[in-house]
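A.B. asks: Okay, here's the prediction I keep looking at, along with the sequence it came from:
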Amino acid sequence: MTARRALALAASLTTVALVGATTSAPAPARTASDQSGSRCPATGTIRVSTLPALSAAGCALAGRTVTDGRASVVVPPAGMSVAGDGIGVRGEVHGLTVTNTGTSVRAGSTTADRSAGRATTARAGSPAACQDRTFNLEHHHWKSALRYRADLGRMPARFHAKTVVSQIRIANGNMRKGRNTCGKPRLRTPASHYLGRTRVKPHINTDGPSCGAYDTKNVVGFGNLPGGLLGWTCYWYVGPRMAAADMMLDNGSNMATTIPQDCSATYDFEGIVTHEWGHVYGMAHTGSGHRNLTMQHVLAACSTYARTLGLGDWLGMNKMYGHRR
Ligand SMILES: [Zn+2]
């Protein structure tokens, strides 16, 4: 257990978006000035900083792309929220979440964690995986079975489809069932069903990256993620209920389905996907100082540790879903 995580070269870039929007009624895009003098832009990306004024002006924002300059999301239908969250090898944690309340627009971001951008070599300063009880929740989770498909259209040529699909499914089980080495029992997370391959792409745009429009299909796929990101998950929720999720894995050269013997900066595919499934199931990042947990935003290279949950990871999932007696 002690040597579970040896090398941490990763930092993550997290984007959580929070946008409150206007009524779902497709209010016509306005061009007239409101009292504050702002206008509803007919087209184009909307900056987060202008959201309060646009919301107050009654602008129709559902379906519009909102950006804070680094991350962006498409405002979901009324009553729904969307957020994106990822893990990478460098960069800083950054958050943007968008909620369409139907009555108002709010925007916010998660706390930036500058330490995430720092290369680090050991997990020695963090509690051991089975002694670290830290977790944070997104405050929404699945109340029924999760059905998903895989889009391998942009999978790296060096990967084998059969292995990738297998590890995606195993990673789902790692998180959903709470696989751990701490002696904790299996979780009672609702079932998941892999429905096979699809040509439907995850609704994630690699610029930003940004979360695209809401739909009911849950897709795991590949793409050229920016900024050293290894994985990115967008999830849509209605209050406490998760409604949909898409996941994109980077198709660059620094992840592998088997860690090589001479590893220096290779990241474990199944571990990355396990972390991203954590976001799908409602787990948020732990913050710094928890390098032995799967849900820390910093991923260590050359190790498969993230495939199994640490105590905090298990406790967070258990709080949402409970476990078998
Ligand atoms: Zn993450």
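C.D. replies: It's in. Numbering: from 1, shown residues only.

A.B. asks: mind checking pLDDT for the residue of the chain found nearest the ion?
C.D. replies: When Cβ to the ion is the measure, the chain has its nearest residue to the ion at residue 87, with 4.2 Å between them. C-beta: built from backbone N, CA, C; applies to glycine. pLDDT, the model's per-residue confidence, is 72 for residue 87.

A.B. asks: Could you say which helix or strand holds it?
C.D. replies: Following DSSP states H and E, the helix or strand that holds residue 87 is strand 81-88.

A.B. asks: Surely the residue of the chain closest to the ion and residue 274 touch.
C.D. replies: No: proximity of residue 87 to residue 274 does not meet the contact threshold set by Cβ atoms under 8 Å, at 10.4 Å.

A.B. asks: neighbour count winner among these two?
C.D. replies: Neighbours per residue (other Cβ atoms under 10 Å) separate residue 87 from residue 274, with residue 87 holding more: 33 against 30.

A.B. asks: can you tell me how far that one sits from residue 298?
C.D. replies: For residue 87, the distance to residue 298 (Cβ to Cβ, to the nearest Å) stands at 8 Å.

A.B. asks: Could you do residue 287 as well?
C.D. replies: Following Cβ to Cβ, the distance that separates residue 287 from residue 298 is 10 Å.

A.B. asks: Quick check: closest non-adjacent residue to residue 279.
C.D. replies: Setting aside the residues directly before and after it, residue 279 is nearest to residue 233 in space (Cβ to Cβ, 6 or more residues apart in numbering), at 4.2 Å.

A.B. asks: residues contacting that neighbour?
C.D. replies: Neighbouring residues of residue 233 by Cβ atoms under 8 Å, 6 or more residues apart in numbering: 84-86, 245-248, 276, 279-280.

A.B. asks: Swap in 10 Å and give it another go.
C.D. replies: With contacts defined as Cβ atoms under 10 Å, 6 or more residues apart in numbering, the neighbours of residue 233 are 83-87, 202, 204, 211, 220, 245-249, 273, 275-280.

A.B. asks: Name the SS class of it, please.
C.D. replies: In three-state terms, and counting by DSSP: H, G, I helix; E, B strand; the rest coil, residue 233 is strand.

A.B. asks: what sits in contact with each of residue 87 and residue 274?
C.D. replies: Contact criterion Cβ under 10 Å, 6+ apart; residues shared by residue 87 and residue 274: 231, 294-295, 306.

A.B. asks: related to what we said a few turns ago, what sits opposite the residue nearest to residue 279 in the beta ladder?
C.D. replies: When bridges are taken as DSSP bridges, the partners of residue 233 come out as residue 85, residue 247.
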